[in-house]
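J.: sequence and predicted model, in that order:
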Amino acid sequence: CKDFLKEEPYSFLSNSNFYQNENDALAALNGVFTPMQAQSFYGRTAWLITELTGDNLLALGNATVDRGTLNNYTFTASNGEISNWWNQNYLMINRANDVIVNVPNISMDTTRRNDIVGNAKFLRALAYFELMRTFGDLPVFLAPTGAQSNLTPSRTPVADIYKLIIQDLKYAEANCLPENKIATVNKGRVSSGAASSLLAKVYLTRASTSAAAPGDYADALNQCNKVINSGLYKLLPVYADIFDCNKKNGAEHIFSVQFEMPPSTGNIVIRMMYPTQSGGSASFGASTSLFNSYTKADSTRKNWNVTNKSGTTTVSPYFFKYRDSQWTSQSNNSRTNWLILRYADVLLMQSEAMNQLDAGDAKKFDGINKVRTRAGLAGLNLSNTPAKDNFVDALLNERAWELCMEGHRRWDLLRMGKLKQVMQANRGVTVQDNQLLLPIPQTELDLNPNLKQNPGF
Amino acid sequence: RAFDGKAQTLLDRKITIQFSNQEIEEALDKIEKVADVRFMYSPQLISASRRVNLNFKEERLSTILKAFLKPLNLEYEVVGNKILLNRISAFPTQNTIKEQEKNIPNIEVAEQTVSGIVTDEKGETLPGVNILVKGTQKGVTTDAKGQFKISVADGNAVLVFTSVGYKKQEVTIGGKTQLNISLQLDTQSLEEVVVVGYGTQKKKDLTGSVSSVPVKDIDKVPVSRADQMIQGRVSGVQVIQTNAAPGGNVSIRIRGTNSINSGNEPLFVVDGFPGAGDLNTINPSDIESIEILKDASSTAIYGSRGANGVVLITTKKGKAGKQIINFEAYTGIQQVAKKYDMMNAREFATHLDSVTAQNNRANGTKTPLNYTPAQIAAMGEGTNWQDQVLRVARISNYQFSISGGTNDTKYNFSAGYFNQEGIVINSGFERGTLRFNFDKTISPRLKMGYTSQLAYSSQNDALVNTVGGSAGGTVYDALRFNPVMPVRDSTGAYTYKNDDPNHFVDVAGNPVAYAENVTDHRTNLRTLLTGFGEYEIIDGLKLRMSIGTDINYSTRDYFTPSYLYITTQNTSSGSSQKTSNTNFSWVNENTLTYDRQFDKNNFLNAVAGASVQVFKQNNFTAAANNFFTNQLGTDNLGIAGTTLPNNTSSQKNTLASFFGRVNYQFMNKYLFTVTMRADGSSRFGDGNKWGYFPSGAFAWRLINESFIEKLKVFSDLKLRIGYGVTGNQEIGSYQSLPQYTSNGYTLNGVRVIGLSPNNIPNPNLSWESTASSDIGLDIGLFNNRLTVTTDIYYKKTQNLLFNKYIPTESGFSTALINAGSLENKGLEISINGLAVTTKKFDWEVSGNISFNRNKVLDLNGTDNLLAGSSSGSIFPGSVTPTSILKVGEPIGSFYGYQFNGIWQTAEEITASGIKTKPKPGDPKYVDQNNDGIISGTDRTIIGNALPKFVYGITNSFRYGRFNLTVFMQGVSGYNVLNENLYELENGFPGTNKLKYVATESWTGPGTSNRLPSVSSILRRGTGITSEVIESGDYLRVKTATLSYNLALKNASVFRSATIYVTAQNLFTFTNYSGYNPEVNSYGNNSNANNMSLNTDYNSYPLARTFIIGAKIGF
């Protein structure tokens, strides 16, 4: 009778028949990547969180309440997109934890096993980094959630989370394959260089906060140099090629969320950005401040990134940056990858770190000038950009022109301490001090009594 | 006398019986009980004043009868299992003219002799029927073959036919010499036997709450599916056809909603096979009886599956006697019962221009108007898209059956074919069934039986109940499509895309093109087989072993041709999907039953059994896009340009059980029942596989107490009290195990498979248990011409299988646990009355009403949870919950913003201090917490989906050969969330609107306090609001049937012939503005949260049906 009532899983794997071999480990790792393709993550929500709260992206027309309130800083703890952001990052963290805890028990080639764990650790670090920049102190889970887990942890201070992130990224840097060793069929996985680049960003970010550790800028610079000196990455000569769906995962791409037409998951970003006349849903526009900020000489990037034309019709400016020859009018699906780390960003971070370490060092212009040169612009130097502050402004502008609508704007403004000022100037939106962090979703506060809300919400 | 073998067995029964100074009738009654036989006799045979004594111990029945009857000058004859009593006389028993006991004047001179045969409603001959010449004391009884002969004075004489268990019938002789009479079963009879779990019981012996559906009455009118036989007919049961499409879903709730996350449907037991649940695959004409077990004392024998009530369906078996052939055919038409009154082309164009003009004024823009006055003047009605997708549809049914047999071998064979076109083009449902039931008595102690049904159904679905928006929907698009647009353009091609002059209809395509060209075809092939053998080991002790299997194979083929422009679902190049599901289940049940009357006061019936049941499922889905040809549909997915991932899945669950029940009767007044079931289910955690479900009940037959008899008010009176615990295991399989489920990612442009944890396994998962108590009263008045059954009950469900919301930091949003509780309490009353009965005219009325109150008692410590989901296209970005589960409130509480009129002026807005800055003409919502902002915290309970009461009334009239039956059914005190109004009254201007929007919307201060300005989008931007929550109360004339029984000549080859006309859904009295208040658009969705109740969005319209048919018996 006991056997008669025993449940035998047929069409799914359970703890009894999973994590047996390398293929299982790889499948589990793919599962960690999966959430990133969701609209509620890097398919949409990521840029709602990072760009709508900046000065470049506008929510248009019949914007949902969630989007409208992010855009004009009236968001509340009930904002659905903030919930999405929280949920999806934690979903990825739990899946990464599952891999990090279970894969080391599989007997298989150690190098390949560590690469898999490294990938998972990178993704876990990325998720915690995204969450921490958004919300501050966080509940931390480092093991897969089971029946015995504590489901109501309190918040761990930012400083401790940075340590966890750095630890994970160092492991990933040491154990993930370098870009040139990743087999073509695996393009999209985490490389050692991706871990180095993200580590640079983590140090650079921490340096700007009260959790700053001595040596953060130097560490950031060191990480950037590691990537630059590896010779594995370079700027693509043609700016448009970065966004060419036929040239994905190229020399400039360090880490991207992969999208592809069905049967894979497509990216909705094109439909959401384009005006109806171009077959889009006209949900978002580009701000006039960005549209007008490009200099005449910067026409290559301007024309690629933003436009006010749909064919010959003049419309409100919109992001035209993402294009796909296979996209059809009104389709939710495009092949556009979401870029998380690319080489131009590393070059600009190198300049940013050097400016903080020694503003008088002329070498700090190397990175930014490579980016400007590709755009067809003249270089900066100590005479046209003499002061440390001028250079910060120049970097901020350069990053907007180069990296607009790639999910950097909120973090750049925060890191350089310019969010309130820029939002006031460019959007006329007054940002309260407490709004430099977003509110923890109300549903989470309701379910976890140990979670305390950020001040002011 | 010589008796056949079977009669001999009956007469060989040994019984113990003892009584003294009993009236003969009472004495016969007692023998009937003890020996389990039935006497048939004419009352005239027995002198009321005579009293007898008997004292036998373990004596053969034949001996007892001889000793008992001889002094009374009676003899007996065994007919089937009945014993026919006759006067010992020199005359042959056949056609005997009886003299009277009393000294009455000599028999009048017979001028006319009438002879004939009496049969029951099935055509089986009836022996022992008493026939009396009205107004005289003269009478005869029918013989073993149901034949009689009597002489009467003249043609004006009236013969009165009576027999226990049948309705009295009076016949005027006229000039006839031959009279064939068919007696109707008296369903009011307390001798009525009802099916209960693992056995049968006399209705008067029931201790629990069991409702019998009056199948025999309902059978007179055409019904297309079994649930229609239940709706409105019995108290305590709510049947909701959530989708009005042919073959559409039905939900059945017995005594309220017990569960939040687990199943709420009752257990269906067909011919003893538990879990054979799809009412669409059972031919209603094959149904002999439907019993509904409502309280725990009657459902506890089904243990872990009994909490939601049990529906027992028994199919027709053959009967000994003449071979009976029945043929029935009907056909009819269906038409939409109610349409939305939309704007026509001219009205819409005018309206659209006026909206644009208003927006221009409000925003200072100069958007050009869509139509010029000249264009509008040239427009007529335009396209009425509803008329384009709706049609007058046919319905027809053919039913053939042949049954009969001998005492040892009985058979029933039937074949049925039912075809219902849908009123939405290209939708419909077809069903063919074959049934063969067979019973055989192998030896006096050994019996076997077999039932089988093969059912095939085929269904074309219209695109309804979709999420709307770009996903489209046939009916939904017919409502919102621009009436200015023709169905086809000047070249004859469909107007695919509604982008002239504006992008009006999102991205959806022409609904007529969709309805005519898209295939969504489902089939189902189901075989249900049961067989049993029964052996009487010693007298009264029977072993029964049964085995059954249910094999259910269903498919779905979905194909969109490439030339169709619809939506964004990759359909521009064609898409297709093919699904097949195989469900297989078998059950083995073994029971021992013991029946024993110890003496006149003590009677015992006990049953004990064990059963095992296995359920297996296999599913397969393949999908492909991008077809270069549309010729092959789903039949060759290999030619598609893009093949999508295939999906297969397989699962199994098992159930092992032990059960027992003891019924004990004392003094024919006090009835006790104790039941217990132990169920082991594979679905639960290792430590919690077994559950135990006990119940007990007591009934007191007050009518048999002398102090009640003395009142001479009641013809029946019984009090029932019961308590028990039952369970619910209706969660998916494997919930206690960790599950890694597949997903996908993309590497180097290619999809790769990922695998991820899908749940927090709960090794302690266990049953949901419902404790329920019931007190019932059965009352009979005026010789049972009026009967009333009423019950009150209280049910508390604990350890709810509860999808607890957990912090998403865990990587999951829910965990399945046992927690929380809720209650249902209610009152139900059913009344049956024979209001008028005369020779020419009968009027019978029956009604029932049920009140249920549901309340959430505990939600695992939290005060409330949001539940239900709304269309993602009305509220994009996130799924907006529509209801709230709140401690102290019922399930199905609609949750949203309270509408409070329209903002009339800017001054009013400023004065109110509201910070969200609405515009005049925007709807006003109550700021519950007075913080000046309308936000989530201002939501409140704005309605409820669960009715206060449901009721049904049936009136049957007979006038001569005409019968008229009118059945009405109603639901009261509940709300429907009409999501259609977000689009039809309000929202995007480019879609068509209800006619009254043009005239009744706000256009300036004081113009309207109900409908917002046409340019306002605030309602839709706010969420669930009270102005789209409507009262769903309705009273429906569900069926009205007029039938005529043809007068048949004696020599006719026909045994009976009836013709009838029926109207279904003739009238609905309701204030609900939509198609049909009996609706739940999310009721079909397999993964729908079962808390999304009574939501109307893009639903299938209700049809009104007119049918004409005939029934012929040979």
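T.: Nice, I can see it.
J.: ok, the residue of chain B at minimum distance from chain A - how many residues close by?
T.: Nearest to chain A in chain B, going by CB to the nearest CB, is B:Gly811, at a distance of 2.4 Å. Every C-beta, even on glycine, is put in place using the N, C-alpha and C of the backbone. Residues near B:Gly811, counting by other CB atoms under 10 Å in any protein chain shown, number 25.
J.: does it really touch A:Ala143, like I thought?
T.: No: between B:Gly811 and A:Ala143 there is no contact under CB atoms under 8 Å: 10.8 Å.
J.: which neighbours do those two have in common?
T.: In terms of CB atoms under 8 Å, 6 or more residues apart in numbering or on different chains, B:Gly811 and A:Ala143 are both contacted by the residues A:Asn97.
J.: for the closest residue to B:Thr648 other than its chain neighbours, list each beta-bridge partner.
T.: Distances taken as CB to CB, 6 or more residues apart in numbering or on different chains place B:Phe620 nearest to B:Thr648, at 4.9 Å, with adjacent residues excluded. Judged by DSSP bridges, the bridge partners of B:Phe620 are B:Ser580, B:Thr648.
J.: likewise for A:Leu138?
T.: In beta-bridge terms (that is, DSSP bridges), A:Leu138 pairs with A:Thr156.
J.: got the contact list for the residue nearest to B:Thr648?
T.: B:Phe620 touches B:579-581, B:646-648, counting by CB under 8 Å, 6+ apart.
J.: just say helix, strand or coil for the residue lying closest to B:Ser182 once chain neighbours are set aside.
T.: The shortest distance from B:Ser182 to any non-neighbouring residue, by CB to CB, 6+ apart, is to B:Thr119 (5.1 Å). Each residue gets one of three states, and B:Thr119 gets strand by DSSP: H, G, I helix; E, B strand; the rest coil.
J.: how many neighbours does B:Thr119 have?
T.: There are 21 residues near B:Thr119, going by other CB under 10 Å.
J.: so what's it scoring on pLDDT?
T.: Looking at B:Thr119, its pLDDT stands at 85.
J.: beta partners for it?
T.: As for beta bridges, B:Thr119 partners with B:Thr125, B:Ser182 under DSSP bridges.
J.: let me see the contact set for it.
T.: Taking CB under 8 Å, 6+ apart, we find B:Thr119 in contact with B:125-126, B:146, B:180-183.
J.: can you give me the helices in the stretch 151-300 of chain B?
T.: For the stretch 151-300 of chain B, the helices defined by DSSP state H, counting those that start in this stretch cover B:215-218, B:226-230, B:296-299.
J.: in a markdown table: those helices, plus distance to A:Met416.
T.: Shown next, in a markdown table, are the helices of the stretch 151-300 of chain B (distance: least, CB to CB, whole Å):
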| stretch | distance to A:Met416 |
| --- | --- |
| helix B:215-218 | 78 |
| helix B:226-230 | 67 |
| helix B:296-299 | 69 |
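J.: ranking those helices by mean pLDDT, which is last?
T.: helix B:215-218 (a mean of 77).
J.: could you identify the most distant pair in the contacts of B:Phe620?
T.: The most widely separated members of the contacts of B:Phe620, counting by CB to CB, are B:Asn581 and B:Asn646 (14.3 Å).
J.: measure the spatially most central residue of chain A to chain B for me?
T.: Centroid check for chain A by CA atoms, centre = their mean gives A:Ile340 as the closest residue, at 4.4 Å. Distance of A:Ile340 to chain B, computed by CB to the nearest CB, to the nearest Å: 15 Å.
J.: now A:Tyr73
T.: Distance, A:Tyr73 to chain B, by CB to the nearest CB: 14 Å.
J.: let me know the secondary structure of that residue.
T.: A:Tyr73 is classified as coil under three-state DSSP.
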